[in-house]
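Enquirer: coords please:
(2 chains)
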Amino acid sequence: VYVTNILIDMYCKCGSLEDAHSVFDGSQERTVVTWSALLAGHAQLGQPSKALKIFEKMHSKGLNMDNAVFLSTLQACARLKDIDYGKMVHSYIIEISCETDLYTVSTLVDMYAKCGHLESAQSMFDKLCKRDIVLWNALVGGYVEQDDYQGVFALFLRMQEEGVEPDEVTYACLLKGQFTPASLDRGKLIHTVISFKGSENTSAVGSSLIDMYIKCGAVDDAYGVFEKLSCRDSVLWSTMIAGFSSGGHAQDAVKLSQKMRSEGLQMSPATFSCLLKACSSIAAFKEGKLVHADVMRSGCDSDVHIASALIDMFAKCGSLEDARRLFERLSCRDVVVWNAIIAGHAEHGDFVSAMEYYTHMRREGAMPD
RNA sequence: UUUCGAGUAGAUGUCACUC
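Expert: Numbering: from 1, shown residues only, chains lettered A, B, ... in the order given. Sure, this is the predicted structure:
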């Protein structure tokens, strides 16, 4: 059973729910953990409704639920913003009496906050006598997501008063809010606090800051943050590249990727994706072909995300042959890939081919959206 | 203290929408 459980968990963590399911279906013996692993996979991989279905099945089978099961179920409720379901799980937790577990309470607070019930989240929070940083962060994030900046401010002050040190997650939470050029002052204020606390130099905070400045239209400030960072992970590079191209500086995005190459850094699939978008936005054909070569070398050319970005890039550069050649070689085509090839041909006035691709798509049984 | 599973936070594909 252990092996089965580990396998299911592994497949879920690799993002393949299908494989996880087939292991699950083929298993002779199942424990709560077997179910729990499958449930967690669905809750975390964007299949919250299916996660709740699994929870219901577990319930009807009369399995003994434990904390792990509740946490994943509550995550699913939070994603769906299904407060009624969340409350139901909550009362179930009270019945089983494991409401004292800090992990469980944090997840409950997070669930209430994400569903917009900040008062419930706050009162649960207040009733506790022991709080860890995750719990604080969950509530901070909740206020931020509801755009309740007074609440954010009050809570942050209370953290200081109680001597709780914010960590990088706290700052990332503060920065995940809505930002527009009108909110640059708020962004800068948060940045000042972070610098004052000396927490500027971590990648999660750095990329959140960059993203914030880009959303505020302050490309130079964003790049300033990037330059100051001594340790850059791939998310940081992607953030900056994406930031340049969305801020109308696609040329700089390309330049940055050259710097990345010259430093001998491996590009991740996400980096490729950002970079290809930059290339297509300015129809940078030569650079696009270079990226294509990099993609081939890294072996992630079968990734549908990358493939569709490549097809789109070639199409936007006006090289439909290259787009077609890539398309033909793909073994797995999702809607986005089909859309990209169809739109590419339509964009260039080749409506006949566009229609042909459309009928081709229907023949293969893919659903248009 | 979660080594069979479980809590908060960062970037990423096509098209359409407001202007």
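Enquirer: Count the neighbours of A:Arg325 for me.
Expert: Neighbours of A:Arg325 under the rule other CB atoms under 10 Å: 12. Using the backbone N, CA and C atoms, a C-beta is placed for each residue, glycine as well.
Enquirer: per-residue confidence for A:Ser268?
Expert: At A:Ser268, the predicted lDDT confidence score is 93.
Enquirer: Quick one: residues contacting the closest residue in space to it that isn't next to it in sequence.
Expert: Taking CB to CB, 6 or more residues apart in numbering, and ignoring the residues beside it in sequence, A:Ser268 has A:Ser234 as its nearest neighbour in space, at 4.2 Å. Contact analysis of A:Ser234 by CB atoms under 8 Å, 6 or more residues apart in numbering lists A:Leu265, A:Gln266, A:Met267, A:Ser268, A:Ala270, A:Thr271.
Enquirer: And for A:Cys115?
Expert: Going by CB under 8 Å, 6+ apart, A:Cys115 touches A:Cys77, A:Ala78, A:Lys81, A:Asp82, A:Ile83, A:Gly86.
Enquirer: nearest to A:Thr239, of those residues?
Expert: Distance to A:Thr239, by CB to CB, is smallest for A:Ala78 among the contacts of A:Cys115, at 24.9 Å.
Enquirer: neighbours around that closest one, how many?
Expert: A:Ala78 sits with 23 neighbouring residues when counted by other CB under 10 Å.
Enquirer: what about it, helix or strand, and which?
Expert: Using DSSP states H and E, A:Ala78 falls within helix A:67-80.
Enquirer: and that helix, what does it pack onto?
Expert: In this structure, helix A:67-80 makes packing contacts with helix A:32-44, helix A:48-60, helix A:83-96, helix A:102-114, judged by 3 or more CB pairs under 8 Å, 6 or more residues apart in numbering; DSSP states H and E.
Enquirer: Tell me which other helices or strands the helix or strand that the last one is followed by touches.
Expert: Past helix A:102-114, further along toward the C-terminus, the next helix or strand under DSSP H and E is helix A:118-127. Contacts of helix A:118-127 with other secondary structure elements, assessed using 3+ CB pairs under 8 Å, 6+ apart, are made with helix A:102-114, helix A:133-145.
Enquirer: now the angle between helix A:32-44 and the helix holding A:Ala78, please.
Expert: Angle of helix A:67-80 versus helix A:32-44, following axes from the mean of the first three to the mean of the last three CA atoms, to 10 degrees, is 20 degrees.
Enquirer: starting at the chain centroid, how far to helix A:67-80?
Expert: Between the mean C-alpha point of helix A:67-80 and the mean C-alpha point of its chain there is a distance of 17 Å (CA atoms, centre = their mean, to the nearest Å).
Enquirer: on that earlier part again, for the contacts of A:Ser234, which single residue is the most surrounded?
Expert: With neighbours set by other CB under 10 Å, the maximum within the contacts of A:Ser234 is found at A:Thr271, which has 25 neighbours.
Enquirer: And A:Thr100, how far from A:Lys13?
Expert: Taking CB to CB, to the nearest Å as the measure, A:Thr100 falls 29 Å from A:Lys13.
Enquirer: higher neighbour count, the two?
Expert: Higher neighbour count among A:Thr100 and A:Lys13: A:Lys13, with 14 against 9, using other CB under 10 Å.
Enquirer: for that one, what are its contacts?
Expert: A:Gly41 are the contacts of A:Lys13 under CB under 8 Å, 6+ apart.
Enquirer: Check the gap between it and RNA strand B for me.
Expert: Between A:Lys13 and RNA strand B the distance is 7 Å, computed by CB to the nearest atom of the strand, to the nearest Å.
Enquirer: Which pLDDT value goes with that residue?
Expert: Looking at A:Lys13, its pLDDT reads 91.
Enquirer: quick one, phi psi at it?
Expert: The main-chain torsion angles of A:Lys13 are listed as degrees, to the nearest 10 and equal phi -70, psi -20.
Enquirer: how about the residues of the stretch 1-150 of chain A that lie near RNA strand B?
Expert: A:1-2, A:5-6, A:9, A:31-34, A:36-37, A:40, A:44, A:66-69, A:71-72, A:75, A:102-103, A:105-107, A:110, A:132-135, A:137-138, A:141 (CB under 7 Å from any atom of the strand).
Enquirer: could I have the one helix or strand A:Ser353 maps to exported to CSV, CA atoms only?
Expert: Taking DSSP H and E as the definition, one finds A:Ser353 inside helix A:351-363. In CSV, the C-alpha atoms belonging to helix A:351-363 read as follows (Å, rounded to 0.1, in the frame of the first residue of the first chain):
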residue,chain,number,x,y,z
PHE,A,351,-9.0,31.7,-44.5
VAL,A,352,-9.1,28.6,-46.6
SER,A,353,-6.3,27.0,-44.6
ALA,A,354,-7.8,28.3,-41.4
MET,A,355,-11.1,26.5,-42.2
GLU,A,356,-9.2,23.4,-43.2
TYR,A,357,-7.5,23.3,-39.8
TYR,A,358,-10.9,23.8,-38.2
THR,A,359,-12.4,20.8,-39.9
HIS,A,360,-9.3,18.9,-39.2
MET,A,361,-9.7,19.8,-35.6
ARG,A,362,-13.3,18.6,-35.5
ARG,A,363,-12.3,15.3,-37.2
